[in-house]
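# whatever this is, show me its structure:
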Amino acid sequence: MSFISVLLLAAGSIFYYGVKNETQRHRRLLSSLTKFTDPRSIVLRSEFETINVDEEQILDQEPNPMAMVSNKLQFSSSPNTFFFSAFPSVDDMFVDPRLQEMLAYHPKDMVVVFVDTTYLETFGVWLDHYKQHDNSGRILSIFAVSEMAYDEVGAAFSAPKIQAKLANIGETLLINLNPGKDIRNASHFLQKLWVTRLRIMRRIMSTFSNCNVLYTDADAIWIKDPVQLFNDPQHLSSNIVASRGTFPPQCALAKELHNDPINHLDTVTICFGFTYFRNSPDVQQLAQNLENVVGKYDDDDQEAINCVLNLQYGSSDGVDIHNPSSMAAFTQEDKSVIRSFFGKVIAHNIKVSLLPYEQVTRRCDRDEGMLENAVVAHCYTRQKEGGSKIDAFKKFGLVFEGEDSLRHVFNDPDLDIAKFLALGTSVSWEEAAYSLSLDRFWRHIEAVTPGGASVENSYYPDLKSQYQSAIGLRSTRLLNSIRIPKAGSSALSVTARALAGCHPDGFPCCKYPGDPKGSCPRKDLMCPLVTGCTDHRPDYRGDEAVITTLRDPVARSVSAFFYHYPHTSVKHGEPHTWEKFVENIQTPRYRNILTKMLNGAYAYDGFDEQKHTVPRAKARLCSIAWFGLSEMPVSSSVMLYETPEFRRLLPNPVAFGLPASSATAEDVAEEAGALRVNSDSEYKEFLATSFANNDGASIVMNHNLHDVEVFQFAEKLFCGRLFFIPGLVEEMKQKRIGLEEIERCASIGFGNIEQLCYSTENNM
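Sure, this is the predicted structure:
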């Protein structure tokens, strides 16, 4: 296959031109572009344009690639164009140069739809309706919630015989959300899908300031062009134009004027099944607020937006939703309701238009004539699965039949998924981070190897080999691991054992059978080369390099509360109640764990403000060779082997969360079982109910003010170190990994790390 870079999709693309007449002339054009390669993203372009000149005459002309450049950089979209780009990850989409340039100069509406394999036939029906409209001002962004859905949609859209049916769909993006092909992983991912949807909305609007966002479910059929809804004069000043629903009833934004149990429902809320967000700084602020608090609302984005506006924002319109006459004043002639809100903490205003059921209908079988006049049909079905949706579409006459229908294109037995996958590569961030570290490692080793010397003598597999080579192994203390409880300490010990040279590789330090029993899979996992490889008692007496990992104090405290003694006061078999949690947080032994350990104390010593000080904790962080942040796993991993103390060590895959090079399938299973994760239902229910409803985060922070200050300092120091490493951030951007972490660092304002630590030392 042939790829192009600057010409059509700077970052690597595959170019199809004139599906009906792919002649040898076209192949010469393709071959002339093969030198621009980067198989990270894929683009397929098909044109179906009616022309008045002789087509054969055009095909016989020698192609002029540079003339084509000037055309394509205009980013014009004709009604008969299908332009398809596939991205193996969300990060790939947001750094795509062509997309950035197009949206910088040409405002567009980004239509966002999520699909999985069970809804592909439903999505095909949706596409049949979508392509009936003028989509030149839109970008269709299809987020595949599993790799299988990504593969099947990509294979269909890249098949020439199907591309002929895609005319008029226009600019189309396919993005792999990449939860994995394993259905268990996909199911876990689906539980967080609505959180992901909020994060994507926020990133779209913050990255592409000219881009509005239109969320549409794959079963919300566009009978007519919905542009007439959000561009209606009465809605032009609204930040959000939304279809209406009834959930969550406790956070209603309006009430129906007609309390008819058959044709109308009383509660009116924003329904995310079809919602238009007009991009602005105010909406970006709302998106950030929603992303921050969605965990309080069962990770449900629809519940979050209604409850945040209802409970956390002020109303600037004075409407009383329980008073019919008050509601009447804010109900438009077409039954739309328009509400106005303002942020109480950060000044911003949000105006919301709630569309009537007559325009975006839900009860397609109840209201006579409503479906006929509707713009969007989002027909309610009791069963939330693809077959029920298709049955409903057939019942209401929404299915297109005939050769041009897209309904069955995704289950075409002739689709060549392998061919589509060959167009681009998809790797996990762990694999990409490991690859980047290896690449930088070899470049460094070649640079420091004296001329004529062997590169093989310039690096070592681990610290044990390095010390034996240099001075002989005079001490068993090669590395110091400070294991902050419930901050990734088990994964840290895997990394520590790998750095030190302990075998077998890929396991954490532990004493068989482990605590709790069964958590240690083998009897040979203790490692005398690592100080502090188990337990949570720091020892800073040696001169060996120190490593640790940190975690946000709030998340760490809740995780510890649901573990076992000594990490919590809850005894085995006791319920984890809110009252017990508050008691736990207030107990001195469970307060400011991070500050205590950086001051040299056991994690569960009683907190003493005189002994356990913030300045000493900050100074200790400055002296630590490497520390990672649980919230920034990509950056933490790639920085490890950039640390001077480990610069000559060959990167080990286990330090990136990958299996050991020599691991068997049984080893991988044992390694996975040795790492501890809170995933029980009681833990999740506690977070969604008691913790969220009682503002648990504020309570944790109020009783751990030292840890909060130290962690904020750690974030600045971490980001300063990341950006201080020559070329690393730039190469991460090129690899398209850790982009959200880089954004986070840029927003922190970390400053100069030498000045940061100098100020800390002088304030002790």
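# pLDDT wise, what is the one residue sitting closest to the centre of the chain at?
Nearest to the mean C-alpha position of the chain, counting by Cα atoms, centre = their mean, stands T196 at 5.9 Å. At T196, the model reports a pLDDT of 89.
# oh, and call the first residue 46 from now on, that's how I've got it
With 46 as the first residue, the last one maps to T241.
# and the residue nearest to it when sequence neighbours are not counted, how far is that from M193?
Spatial nearest neighbour of T241, chain neighbours left out: L222 (6.7 Å); criterion: Cβ to Cβ, 6 or more residues apart in numbering. Using the backbone N, CA and C atoms, a C-beta is placed for each residue, glycine as well. Look at L222 and M193: by Cβ to Cβ, to the nearest Å, they are 12 Å apart.
# would you map the strands across the stretch 446-595 of the chain?
Assigned by DSSP state E, counting those that start in this stretch, the stretch 446-595 of the chain shows strands spanning 524-527, 575-576, 590-595.
# so which of those strands gets nearest A299?
strand 590-595 (45.2 Å; Cβ to Cβ).
# pLDDT of that closest one, averaged?
Mean predicted lDDT for strand 590-595 stands at 97.
# ok, that strand: who's next to it in the sheet?
Within its sheet, strand 590-595 is paired with strand 524-527 (parallel), strand 671-674 (parallel), according to DSSP bridges.
# just the residues contacting that strand, thanks.
524-529, 532-534, 536-537, 540-541, 544, 585, 639, 668-675, 681, 688, 690-691, 756, 759 (Cβ atoms under 8 Å, 6 or more residues apart in numbering).
# next SSE downstream of it?
Remark: after strand 590-595, the chain's next helix or strand is helix 598-606, criterion DSSP states H and E.
# put the alpha carbons of that following helix into CSV.
C-alpha atoms of helix 598-606 as CSV (Å, rounded to 0.1, in the frame of the first residue of the first chain):
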residue,chain,number,x,y,z
PRO,A,598,-4.2,11.4,48.5
VAL,A,599,-8.0,11.1,48.0
ALA,A,600,-7.9,8.1,45.7
ARG,A,601,-5.2,6.4,47.8
SER,A,602,-7.1,6.9,51.1
VAL,A,603,-10.4,5.4,49.7
SER,A,604,-8.5,2.4,48.2
ALA,A,605,-6.7,1.8,51.5
PHE,A,606,-10.0,1.9,53.4
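# over to the nearest residue to D650 once chain neighbours are set aside: give its phi and psi.
Distance criterion Cβ to Cβ, 6+ apart; nearest residue to D650, sequence neighbours excluded, is K641 at 6.0 Å. When read as degrees, to the nearest 10, the backbone of K641 gives phi -60, psi -50.
# picking that back up, you'd agree the residue nearest to the centre of the chain is in a helix?
Yes - counting by DSSP: H, G, I helix; E, B strand; the rest coil, T241 is found in a helix.
# isn't it right up against R247?
No - distance between T241 and R247: 10.8 Å, which falls outside the contact criterion (Cβ atoms under 8 Å).
# which parts of the stretch 246-395 of the chain are helices?
With helices called from DSSP state H, counting those that start in this stretch, the stretch 246-395 of the chain shows them at 272-275, 326-338, 346-352, 369-374.
# adding distance to C572, mean pLDDT and mean neighbour count, write these out as CSV.
Formatted as CSV, the helices of the stretch 246-395 of the chain follow (distance: least, Cβ to Cβ, whole Å; pLDDT from 0 to 100; neighbours: other Cβ atoms under 10 Å):
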stretch, distance to C572, mean pLDDT, mean neighbour count
helix 272-275, 61, 96, 18
helix 326-338, 40, 93, 19
helix 346-352, 45, 95, 24
helix 369-374, 69, 85, 13
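# and R427, which of those helices is closest to it?
helix 346-352 (18.6 Å).
# quick one: list the elements packing against that closest one.
helix 238-252, strand 312-322, helix 326-338 (3 or more Cβ pairs under 8 Å, 6 or more residues apart in numbering; DSSP states H and E).
# isn't the residue nearest to T241 right up against A189?
Yes - with contacts counted by Cβ under 8 Å, L222 reaches A189, the gap being 6.2 Å.
# tell me, what's touching those two both at once?
Between them, L222 and A189 share the contacting residues Y195, judged by Cβ under 8 Å, 6+ apart.
# between those two, who's got more neighbours?
Taking neighbours as other Cβ atoms under 10 Å, L222 and A189 compare with A189 leading, 24 against 20.
# state the distance from that one to E776.
With Cβ to Cβ as the criterion, A189 and E776 are 27 Å apart.
# likewise R248?
21 Å.
# also M250?
In terms of Cβ to Cβ, M250 sits 27 Å off from E776.
# please apply the same query to Q404.
49 Å.
# and the two? which has more neighbours close in?
Q404 (22 against 15).
# could you report the distance from that one to F319?
Counting by Cβ to Cβ, the gap from Q404 to F319 is 10 Å.
# shared neighbours of these two, anything?
288, 421.
# and the helices in the stretch 446-595 of the chain?
462-468, 474-493, 508-515, 534-545.
# so which of these is the most packed in?
helix 534-545 (a mean of 25; mean count of other Cβ atoms under 10 Å).
# can you list the weak-confidence ranges in this structure?
46-125, 224-236, 303-310, 412-414, 467-472, 514-520, 707-726, 803-809 (pLDDT under 70).
# how near is N394 to Q330?
N394 is 10 Å from Q330, by Cβ to Cβ.
# er, R488 I mean
From R488 to Q330 the distance is 42 Å (Cβ to Cβ).
# re earlier: do you know which of the strands of the stretch 446-595 of the chain lies nearest S288?
strand 590-595 (43.3 Å).
# any idea of the angle that closest one forms with helix 598-606?
90 degrees (axes from the mean of the first three to the mean of the last three Cα atoms, to 10 degrees).
# pull the CA atoms of strand 590-595 into CSV?
The C-alpha coordinates for strand 590-595 follow below in CSV (Å, rounded to 0.1, in the frame of the first residue of the first chain):
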residue,chain,number,x,y,z
ALA,A,590,19.2,5.1,44.5
VAL,A,591,15.7,5.5,45.8
ILE,A,592,12.5,5.0,43.8
THR,A,593,8.8,5.3,44.7
THR,A,594,5.4,5.9,43.2
LEU,A,595,2.8,8.3,44.5
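# so what's the gap between that strand and the chain middle?
Remark: strand 590-595 is offset 26 Å from the chain centroid, using Cα atoms, centre = their mean, to the nearest Å.
# and stretch 407-418, how far out from the chain middle?
37 Å.
# which residues touch that stretch?
288, 290, 307-308, 316, 402-403, 406, 422-425, 437, 440-441.
# S792: which of those residues is nearest?
Among the contacts of stretch 407-418, and counting by Cβ to Cβ, the member closest to S792 is C316, at 31.6 Å.
# wait, that closest one sits on I285?
No - C316 lies out of contact with I285 (Cβ under 8 Å); the separation is 11.3 Å.
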